[in-house]
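*Asks:* Predicted model follows, preceded by the sequence.
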Protein chains: 2
Amino acid sequence: MESKCKLTYFDAMGTAEPIRYLLYHGKIKFEDNRVDFQTWQSMKTSTPFGQMPVLEIDGKKMHQSIAICRYLGKKLALAGENDWESAQIDMAVDTVLDLRIKLSEFYWESDETVKQRKKATVLNETLPFVLERLNGLVKENGGYLALGKLTWGDFFFAGISEYMNCVTQFDITKDYPNLAALKKKICELPDVKDWISRRPVSQL
Amino acid sequence: MESKCKLTYFDAMGTAEPIRYLLYHGKIKFEDNRVDFQTWQSMKTSTPFGQMPVLEIDGKKMHQSIAICRYLGKKLALAGENDWESAQIDMAVDTVLDLRIKLSEFYWESDETVKQRKKATVLNETLPFVLERLNGLVKENGGYLALGKLTWGDFFFAGISEYMNCVTQFDITKDYPNLAALKKKICELPDVKDWISRRPVSQL
């Protein structure tokens, strides 16, 4: 008997999209539960730490998107085979996370002057610095973020790059051919491709 | 033959202190290489992603503090024994990380008005919301962050709480007895206690 699986998040890609990519790729049937802001406000205190996404899987309630991706990665044989291999995925993923956080910081800033200052720093300095190195890392790893093979880290990158593109308003991989090719590789996996072709259009 | 181990970071606790706690507790001999800002500027581009800490261990160069802590946790038998156990540590750690990031955001803000606004939100809303729930989580887990036993997540919490205390300028565990007891438990482990008694005094 397959256990009930349910992903709860806003009606957005955001930090949930990497999880959706992994669930679809792994052919894990799930309810894609999208809540509006008002519903979220009323349910927030009943979630583990007042944050989404929340994934109910195997009778467990999980939170924290990267912890969820890592867990799914292990379940789907998309993880490292030893401690050092696992660490290589983790290092790449947390590097992408740092970039996502820097982008979020300016995106959600309400003071317009500060927002523009932060935006300039991130777009002109942080983004090219990190992406150039990530691009090199993918080259070193034969087209993947780590280990020379497909891992959950690649799904994380492809999924979260959608959020990053929404924030920057351009394709962040456009000047980085190895990153662009990696993203394309994930997005053309049959189940991910099918999902992308029919997913709801959202702002983030 | 023991491999050479070297931790490179600023002359600060910051995101390196959880790693130091784990290394000392695990009796892993290491060089605690502290660099000043000027030295850092000159070496930044030669590090994997322009960030510290960097840990050289087992002939490998590692970056990303949480990836390093997870790796050390596995080496020191302070990790989960299956995917779900590992995920429980990861969820708790990333929750603490989110809090650390929120604190960093106001701490490093250069616009004074924005800084004070962010500080108020974090101290009055985010911090109590998260700490109350973390305090409950530790109670549920018999005095630990996860699994009812000592894991690398507890070392992460105790180590990074030093940074968070520097930012808030008060002991963030003061109103949360289970968190205070957990931190005390880690800080009184013999090798951690010895390190704390002799570590350099730093601002962060």
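*Replies:* Structure received.
*Asks:* my guess is A:Phe10 contacts A:Gln38, does it?
*Replies:* No. With contact defined as Cβ atoms under 8 Å, A:Phe10 does not reach A:Gln38; the gap is 11.4 Å. No exception for glycine: its C-beta is placed from N, CA and C like everyone else's.
*Asks:* who's more crowded, these two?
*Replies:* A:Phe10 (19 against 8; other Cβ atoms under 10 Å in any protein chain shown).
*Asks:* What residues of stretch A:190-200 count as buried?
*Replies:* Buried residues in stretch A:190-200, counting neighbours by 16 or more other Cβ atoms under 10 Å in any protein chain shown, are found at A:Val192, A:Trp195, A:Ile196.
*Asks:* now these as TSV including distance to chain B and secondary structure?
*Replies:* TSV is the format used below for the buried residues of stretch A:190-200 (distance: Cβ to the nearest Cβ, whole Å; DSSP: H, G, I helix; E, B strand; the rest coil):
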residue	distance to chain B	secondary structure
A:Val192	22	helix
A:Trp195	24	helix
A:Ile196	26	helix
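*Asks:* and which of those residues is nearest to B:Leu150?
*Replies:* Looking at the buried residues of stretch A:190-200 and their distance to B:Leu150, the nearest is A:Val192, at 39.2 Å (Cβ to Cβ).
*Asks:* so what pLDDT did the residue nearest to that closest one when sequence neighbours are not counted get?
*Replies:* Distance criterion Cβ to Cβ, 6 or more residues apart in numbering or on different chains; nearest residue to A:Val192, sequence neighbours excluded, is A:Tyr21 at 5.1 Å. With respect to pLDDT, A:Tyr21 has a value of 98.
*Asks:* Can you pull the phi/psi pair for A:Leu189?
*Replies:* Main-chain dihedrals, A:Leu189, degrees, to the nearest 10: phi -60, psi 130.
*Asks:* no no, A:Gln88
*Replies:* Residue torsions, per degrees, to the nearest 10, at A:Gln88 are phi -70, psi -40.
*Asks:* now it: how far from chain B?
*Replies:* 9 Å (Cβ to the nearest Cβ, to the nearest Å).
*Asks:* isn't that residue right next to A:Leu147, touching?
*Replies:* Yes. Using Cβ under 8 Å, A:Gln88 is in contact with A:Leu147, at 6.1 Å.
*Asks:* tell me the contacts of the residue nearest to A:Val192?
*Replies:* A:Phe155, A:Ala158, A:Gly159, A:Ile186, A:Val192, A:Trp195 (Cβ atoms under 8 Å, 6 or more residues apart in numbering or on different chains).
*Asks:* Please report how far it lies from B:Thr45.
*Replies:* Separation of A:Tyr21 from B:Thr45 (Cβ to Cβ, to the nearest Å) stands at 33 Å.
*Asks:* What of A:Glu140?
*Replies:* 17 Å.
*Asks:* again, but for A:Lys174
*Replies:* On the measure of Cβ to Cβ, A:Lys174 and B:Thr45 end up 23 Å apart.
*Asks:* Reduced to three states, what does the nearest residue to A:Asp83 once chain neighbours are set aside come out as?
*Replies:* Nearest residue to A:Asp83 in three dimensions, chain neighbours excluded: B:Lys74, at 4.6 Å (Cβ to Cβ, 6+ apart). Following DSSP: H, G, I helix; E, B strand; the rest coil, the label given to B:Lys74 is helix.
*Asks:* Which residues are in contact with B:Lys74?
*Replies:* A:Asp83, A:Ser86, B:Trp152 are the contacts of B:Lys74 under Cβ under 8 Å, 6+ apart.
*Asks:* need the contact list for A:Phe155.
*Replies:* A:Pro18, A:Tyr21, A:Leu22, A:His25, A:Cys69, A:Gly73, A:Leu78, A:Ile186.
*Asks:* Helix or strand for it, just tell me which one.
*Replies:* Element membership of A:Phe155 [criterion: DSSP states H and E] is helix A:152-168.
*Asks:* Need the pLDDT of the spatially most central residue of chain A.
*Replies:* Residue closest to the mean C-alpha point of chain A, counted by Cα atoms, centre = their mean, is A:Ile160 at 3.1 Å. You'll see A:Ile160 listed with a pLDDT of 98.
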